[in-house]
Each structure stands twice: as C-alpha cells, then as structure tokens.
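*Asks:* sequence below, structure please.
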Amino acid sequence: MELILTPDNPSPPGGFVASVRAADGLALRVARWHPPGFSLGTVTICTGRAEFIEKYFETANELLARKLTVVIFDWRGQGLSARELDNSRKGHIDDFTLFERDLEAVALQVLEPFCPKPWFALGHSMGGAVLIQQARAGKSPFERIVVTAPLIGIHGLRYPNAARLLAEVLDIVGLGGAFIPGGGETSVVTKPFKDNVLTSDPARYARNANIVGAAAHLGLGDPTIGWLNAAFRLMEQFADPEYARRTLTPTLVIAAGGDRVVDTGAIERFAVRLKAGGLVVIPYARHEILMERDVFREQFWAAFDAFVPGTRDELVALEAAQEMIEGVVEARV
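*Replies:* A predicted model of the protein is given here:
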C-alpha cells in the first residue's frame with residue numbers, strides 16, 4: 001500500500017500506511033500519523049463517497065497541530081481498498097451495514113494496538129451516515145463523533161418516493177451493479193470547476209483533481225443502483241424521529257447552508273432530535289466543508305474545537321461558535 005503525493009498536496013510527515021482485512025476478507029488501505037510528543041487522543045476520518053485518504057492531508061495536518069493522532073482509511077469500494085465489483089470505477093455496496101465491517105477492522109487492527117484514547121471520529125457525507133448508523137446500533141468505539149453534511153437525505157429530489165421505488169425495483173431485477181440512470185465512469189473530481197457543487201474554493205478543487213490526475217485508479221464514477229437503494233434504505237431509517245433520539249454517542253452535526261448534494265433541511269430535523277451533541281449550520285458553504293474556502297473552514301474548526309476533545313462545557317462553547325459564525329459570515333462571504 002502507498003500514498004499518492006503531488007506537489008500541491010504533500011503528505012503529513014511521519015505517516016504509516018498499511019493494509020488491513022475486514023471480517024469478510026476485503027483489503028482496506030489505512031494511514032495513520034502521530035503528533036510530536038504527547039497525544040490528546042485519536043481522530044479517525046471517515047471519508048465520503050468517492051473520496052480517498054489523500055484528500056484529507058490538509059485536515060490531518062490541522063488535527064496533528066491540535067496534538068491529535070490521525071487515522072484515515074479508504075472504505076471498501078473506493079480509494080485503494082478492494083472493490084465489490086470488477087469495474088473499479090463503480091461505487092457499489094449492497095447494504096450500508098457492510099461498511100461497519102470496515103470500521104470494526106480499523107478499530108481492531110489499527111486503533112487498539114497503535115492509537116491512544118480517547119477515540120473520536122470525523123465523518124463526511126456517506127462516512128457521517130455510517131458513523132451514525134454504527135452509533136445507533138450501540139457499536140461505536142468512539143467517545144464523540146463529528147459529522148459534516150451527513151447523508152441524511154438527498155438534495156433536490158422532486159419525487160423521492162418514486163425514486164426510492166425505482167431503485168428498489170431495478171435492484172431486485174438484477175441491475176444493482178449497473179450505474180444509476182445517466183451515470184458513468186467519469187470521476188466526480190475531474191469535472192470543470194464551474195460545474196461543481198462540492199466547493200467554492202478553486203484551489204482546493206484543483207488540488208483534488210490533480211491527485212486523480214496523478215493516479216487515475218483513485219477516481220470513482222457515479223454510484224450504482226445497488227448503492228443508491230442501500231442509501232435510500234438507511235435514509236428511511238433516519239426519517240424516523242426515534243432513530244436520532246436513540247443515538248446516544250455524543251454527536252456534533254455540521255451542515256452546509258449552500259449544500260446541493262444532501263438535504264440540509266433533513267439534516268437539521270435529524271440533528272435537533274439528538275439527545276447528546278449539537279447542530280451547527282455554516283451559511284453559504286457547499287457540500288465539502290473541509291474542502292471549502294478558509295472563511296467556511298474556520299467556522300468548522302471553531303465548532304470542532306468546542307466539541308473535541310470535550311474537556312470544556314461543550315454546550316456553551318458550541319453556542320459561542322454558532323454566534324461567531326452568524327456574526328461574521330455576512331461580512332466575509
């Protein structure tokens with residue numbers, strides 16, 4: 001296993017890269033870094049759909065500066081981890097519970113032997129949804145979870161019930177491994193910047209495109225019908241008010257006000273039902289908050305620092321962070 005380095009995206013120093021195997025035998029790529037001196041704990045970064053370890057080098061450096069050990073891995077089916085299908089460009093899964101095997105493998109083979117506690121998780125989009133799912137099942141090894149733009153609902157679906165039924169029917173008749181209608185192999189990070197809905201930061205968008213340009217095998221196309229059907233099943237569970245209320249791991253949800261990938265309204269409805277944690281909405285930010293412009297990323301870090309490692313009164317700190325966001329964003333966007 002290796003890391004792909006580009007001139008504008010060097011790896012944090014002193015990393016370790018390894019392959020671990022999930023319970024069903026699939027190989028997963030994992031990287032970890034330790035801060036100089038002592039560590040306040042470990043943050044495991046759980047990436048979104050079609051993402052890979054290298055996209056989070058900048059975030060890893062920022063966590064290391066906070067004296068936190070960092071672990072990042074590629075989910076099954078993406079990055080340099082093993083694929084579920086022969087076509088490596090297809091983002092596929094039959095059920096999101098399979099991703100829990102990946103989390104369990106990382107916890108057992110990387111966190112347990114090498115990483116100091118307390119353990120925290122930082123998940124984006126699909127990764128955030130999987131972390132919530134695991135926490136709801138009472139299986140989470142993490143003391144606190146931070147999720148950015150989690151996949152609670154899909155943005156802009158005019159007929160969600162019809163879309164859900166279509167995906168289910170196509171999956172049942174054996175088309176689960178096909179791309180979604182209209183989908184293909186083109187990597188989502190190589191589309192022209194002007195057409196992207198992920199970030200308003202051209203430099204960070206170009207940086208991520210350069211990574212795929214240097215290693216095309218990292219790129220992933222559109223999801224499969226099976227992936228979409230599995231996502232719909234999980235989102236249907238999230239819609240149940242009791243789901244959030246019975247998710248007991250303290251969870252900070254950070255939503256993007258300008259998101260055109262996931263449904264910010266659905267995220268807000270879910271987050272306010274959580275018994276432990278909080279909700280912060282960053283106005284005008286697009287879906288990939290950690291790949292956004294500094295004005296948005298600063299607001300993310302204010303909220304994160306108020307919640308992790310949790311040695312302060314997080315409710316007061318989160319309220320202060322939200323007030324700061326609302327107070328400065330109009331002047332700086």
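*Asks:* only C-alpha atoms for contact and neighbour calcs from this point on.
*Replies:* Will do.
*Asks:* what comes up buried for stretch 135-148?
*Replies:* Buried residues in stretch 135-148, counted by 16 or more other Cα atoms under 10 Å: 135-136, 140-148.
*Asks:* just how off-centre is that stretch within its chain?
*Replies:* Centroid separation for stretch 135-148 versus its chain: 13 Å, with Cα atoms, centre = their mean, to the nearest Å.
*Asks:* what's the first-to-last distance across it?
*Replies:* End-to-end distance for stretch 135-148, by Cα to Cα, to the nearest Å: 16 Å.
*Asks:* now do stretch 70-85: distance from first to last residue.
*Replies:* Criterion Cα to Cα; first-to-last residue distance in stretch 70-85 is 29 Å.
*Asks:* same deal with stretch 66-80?
*Replies:* Using Cα to Cα, the end-to-end distance of stretch 66-80 comes to 28 Å.
*Asks:* do stretch 24-36 as well
*Replies:* End-to-end span of stretch 24-36 (Cα to Cα): 35 Å.
*Asks:* name the residues that touch that stretch?
*Replies:* With contact meaning Cα atoms under 8 Å, 6 or more residues apart in numbering, stretch 24-36 is reached by 1, 12-22, 53, 64-65, 67-76, 79-82, 101-102, 106.
*Asks:* do you know the pLDDT at Gly91?
*Replies:* With respect to pLDDT, Gly91 scores 87.
*Asks:* could you pull out the buried residues of stretch 86-101?
*Replies:* Those would be 88-94, 96, 98-101, for stretch 86-101 by 16+ other Cα under 10 Å.
*Asks:* repeat that for stretch 270-277.
*Replies:* For stretch 270-277, a neighbour-count test (16+ other Cα under 10 Å) marks 270-271, 273-274, 276-277 as buried.
*Asks:* now the strands for the chain?
*Replies:* Here the chain has its strands, by DSSP state E, at 16-21, 27-33, 42-46, 69-73, 119-124, 144-148, 251-256, 277-282.
*Asks:* reformat these as a markdown table; add mean pLDDT and distance to Phe179.
*Replies:* As requested, these are exported to a markdown table (pLDDT from 0 to 100; distance: least, Cα to Cα, whole Å):
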| stretch | mean pLDDT | distance to Phe179 |
| --- | --- | --- |
| strand 16-21 | 98 | 27 |
| strand 27-33 | 98 | 23 |
| strand 42-46 | 98 | 24 |
| strand 69-73 | 98 | 24 |
| strand 119-124 | 98 | 22 |
| strand 144-148 | 98 | 26 |
| strand 251-256 | 98 | 27 |
| strand 277-282 | 95 | 32 |
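*Asks:* how about the ones you listed in CSV, adding distance to Thr6?
*Replies:* CSV is the format used below for the strands of the chain (distance: least, Cα to Cα, whole Å):
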stretch, distance to Thr6
strand 16-21, 17
strand 27-33, 17
strand 42-46, 21
strand 69-73, 18
strand 119-124, 23
strand 144-148, 26
strand 251-256, 28
strand 277-282, 30
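*Asks:* which stretch among these comes nearest Thr199?
*Replies:* Distance to Thr199, taken as Cα to Cα, is lowest for strand 251-256 among those, at 10.4 Å.
*Asks:* and for the closest residue to Cys115 other than its chain neighbours, the neighbour number?
*Replies:* Nearest non-adjacent residue to Cys115, counting by Cα to Cα, 6 or more residues apart in numbering: Thr42, 6.3 Å away. For Thr42, the tally of surrounding residues (other Cα atoms under 10 Å) stands at 27.
*Asks:* Glu236 too?
*Replies:* 12.
*Asks:* show me the helices in this structure, by range?
*Replies:* Assigned by DSSP state H, the chain shows helices spanning 57-65, 98-106, 112-114, 126-136, 160-170, 202-214, 225-238, 241-245, 264-271, 294-307, 314-332.
*Asks:* JSON lines for the ones you listed, including mean pLDDT and distance to Trp33?
*Replies:* JSON lines is the format used below for the helices of the chain (pLDDT from 0 to 100; distance: least, Cα to Cα, whole Å):
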{"stretch": "helix 57-65", "mean pLDDT": "98", "distance to Trp33": "8"}
{"stretch": "helix 98-106", "mean pLDDT": "98", "distance to Trp33": "14"}
{"stretch": "helix 112-114", "mean pLDDT": "98", "distance to Trp33": "10"}
{"stretch": "helix 126-136", "mean pLDDT": "98", "distance to Trp33": "20"}
{"stretch": "helix 160-170", "mean pLDDT": "96", "distance to Trp33": "40"}
{"stretch": "helix 202-214", "mean pLDDT": "96", "distance to Trp33": "20"}
{"stretch": "helix 225-238", "mean pLDDT": "98", "distance to Trp33": "31"}
{"stretch": "helix 241-245", "mean pLDDT": "95", "distance to Trp33": "32"}
{"stretch": "helix 264-271", "mean pLDDT": "98", "distance to Trp33": "31"}
{"stretch": "helix 294-307", "mean pLDDT": "97", "distance to Trp33": "19"}
{"stretch": "helix 314-332", "mean pLDDT": "58", "distance to Trp33": "26"}
